[in-house]
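In: my questions are about this predicted structure, shown below with the sequence.
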Amino acid sequence: MADAVVQTLNPDKATMMDMTMADMKARTSSGLVHPVGGASAAGASINARGLTKVFGSGENAFHALGPIDLDIKPGEFVSIIGPSGCGKSTTMLLVTGLEPSSAGTVEIDGKPLTAPISEIGIVFQDHLLLDFRTAINNVMLQQEIRGLDRATLRERADALFARLGLSGAENRYPWQLSGGMRQRVSIARALVHDPSMLLMDEPFGALDAITRTQIRHDLEMLWLETRKTVLFITHSIEEAVGLSDRVLVMSKSPGTIVEEIIIDLPRPRPAHLGEYPEFSKYAERIYRIFEKLGVYKF
Amino acid sequence: MVPAQSGTRARLMAAFGGSYFSSVLIGTVAVLLLLGLWEAALRYFEVPVWLAPKPSDFLVRLYTDRALIAGHAFWTSLTIVEGFTLGVLVAIPLALAIVSVGALERGLYPVIVFLNIMPKTVIGPILIIWFGIGPLVAALIVFLMSFFPVLVDSMSGFRLVDRRLFYISRSMGANPWQTFWKVRLPAAMPHIFSGMKIGVVKAVEGVIIAEFIASNKGLGFMIVRASAFMDMTLMFSGLVAAAIVALMFNGAMSIIGQWLMPWSRH
């Protein structure tokens, strides 16, 4: 099914030179839709109402975020874009219950959120791998802590490693990997347990431009095949438009969602987004909003 | 021709200077040279053995009295192991508690710092009254000396763990116990270990002094007794034995380091 999506959307793009060898292989061998067989967890829906975060209390209280409403459909790829310090990352932590919200409610798949949920995978800007574990053991931490079946998870980890171009790096320690590879391991860690939601907080922010473009594409291909719900936090217009179904633009202190932009571009999207005139229009629109918000001081 | 030759020689010298074997060789030669000079000078000036023993005297003594010296060296080692292990076992949980509970940091930590500033040997006579002269008192003094560096470095180790790692472990549904054993403790291990390395140096230094004042076993005690009998040769043998014990503990620490942290970049 995922293959069908890839092919019907844009058959020509699939042979473009921005595809990696790994992608080609994955595509011909039907990819890693469900590397272990059996049903993969479908994406979860996220519905938030009046989500607010206030740090501190009394005179020192800082109203960081909200109130915001969020409605993310199962399997949707949604980006939140905004200037630094606008509360994007906080939104992500509130939606998962990893940080308590000051007001508002969150429902995941229609069920109210009361405690931190664990059916998620998280990737931060820094890889946050454990120095003392090899690449594969960093990923297998999911299995150890969740008490899942070792062989099954190892198979999934191997499939993800192959898919992310990490084969051969299994037994290397994080300091022996390049920045891009570390971030790939951290993506594998976030997906190995087949979560219904993937949360990414500026995951490519620390990478160089070339690596960023490649990994953006690899993530898109993975998403097309697995259809997790993705909440992607970024301050890069290119990443937001290049990856998302929908972009939410956020203003600063307190962070609120000021605009929603539906990105109607075929997938998979190319390395050089400039070849779509529509891309420039979307980018232009976000720039205009930022200007209106006073993000830039020229 | 000539430059090529000197180039080869320079390369050979560089290779020699850099190898592990050569550093051992150079060290051995230096020590032998020093001992030889020492021996020659004392023989030449006919210095009596009760004033300053020759290397031939105390090295032979080290061999002939090996049972006695090894017995004391064993007690010294055991005292170090006991005191240091107790230090580590108390320091690491205490560091975690101090870092986790704000009240402890404000209330308890200043007291510990004050106790650390106080010279530890002062407590010796008090401990003797409480526990009687023996290796136990020496072990307690070793504990007091090695405990603090482990505590301080463990605290900074636990504190420096990236908070976002806890988001990740919580996203995996980890309980506090799992988070501690699988994330926080190993992440803090490099700091804890550097504290342990300082702690072991303190322990090895401290144990001899502790045995001087408060024990009836161990190399420190043996040296003090030899001093009472003006047995200069045995004192020097004891000194060499103490150095060997110190070397053994430093070697053991680097082995433990590799065992605790196989990931670190050697």
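Out: Happy to help now that I have it.
In: pretty sure residue B:57 is one of the things residue B:39 touches, is it not?
Out: No - using Cβ atoms under 8 Å, residue B:39 is not in contact with residue B:57; the gap is 9.2 Å. C-beta coordinates here come from the backbone N, C-alpha and C atoms, glycine included.
In: only the C-alpha atoms, please, for the helix or strand harbouring residue A:68, written as CSV.
Out: In this assignment (DSSP states H and E), residue A:68 forms part of strand A:62-72. The C-alpha trace of strand A:62-72 is given here as CSV (Å, rounded to 0.1, in the frame of the first residue of the first chain):
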residue,chain,number,x,y,z
PHE,A,62,6.0,33.5,32.5
HIS,A,63,3.2,32.8,30.2
ALA,A,64,5.1,30.7,27.6
LEU,A,65,2.4,29.1,25.6
GLY,A,66,-1.2,29.1,24.6
PRO,A,67,-4.0,28.7,24.8
ILE,A,68,-3.7,26.6,21.6
ASP,A,69,-6.0,24.1,20.0
LEU,A,70,-4.5,21.2,17.9
ASP,A,71,-6.2,18.7,15.8
ILE,A,72,-3.9,16.2,14.1
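In: what about the residue of chain A found nearest chain B, how many neighbours?
Out: At 3.5 Å from chain B, residue A:118 is the closest residue in chain A, using Cβ to the nearest Cβ. For residue A:118, the count of nearby residues is 19 (other Cβ atoms under 10 Å in any protein chain shown).
In: the strand holding residue A:68: which residues count as buried?
Out: A:64, A:65, A:66, A:67, A:68, A:70, A:72 (16 or more other Cβ atoms under 10 Å in any protein chain shown).
In: residue in the stretch 51-200 of chain B nearest to chain A?
Out: Closest point on the stretch 51-200 of chain B to chain A, by Cβ to the nearest Cβ, is residue B:173, at 3.5 Å.
In: name the nearest residue to that residue, ignoring sequence neighbours.
Out: Distances taken as Cβ to Cβ, 6 or more residues apart in numbering or on different chains place residue A:118 nearest to residue B:173, at 3.5 Å, with adjacent residues excluded.
In: what kind of secondary structure is that neighbour in?
Out: When classified by DSSP: H, G, I helix; E, B strand; the rest coil, residue A:118 comes out as coil.
In: next one, pLDDT for residue B:161 please.
Out: With respect to pLDDT, residue B:161 has a value of 90.
In: can you tell me the element it falls in?
Out: With DSSP H and E as criterion, residue B:161 is part of no helix or strand.
In: tell me which element the residue nearest to it when sequence neighbours are not counted falls in.
Out: By the measure of Cβ to Cβ, 6+ apart, the closest residue to residue B:161 outside its immediate chain neighbours is residue B:187, 4.7 Å from it. Assigned by DSSP H and E, residue B:187 falls within helix B:185-214.
In: buried residues in that helix?
Out: Those would be B:185-197, B:199-204, B:206-214, for helix B:185-214 by 16+ other Cβ under 10 Å.
In: sorry, back to before: which residues does the residue of chain A closest to chain B contact?
Out: Residue A:118 makes contacts with A:146, B:170, B:171, B:172, B:173, as judged by Cβ atoms under 8 Å, 6 or more residues apart in numbering or on different chains.
In: which residues of the stretch 51-200 of chain A fall in helices?
Out: With DSSP state H, counting those that start in this stretch as the criterion, the stretch 51-200 of chain A has helices at A:88-96, A:135-146, A:150-163, A:179-191.
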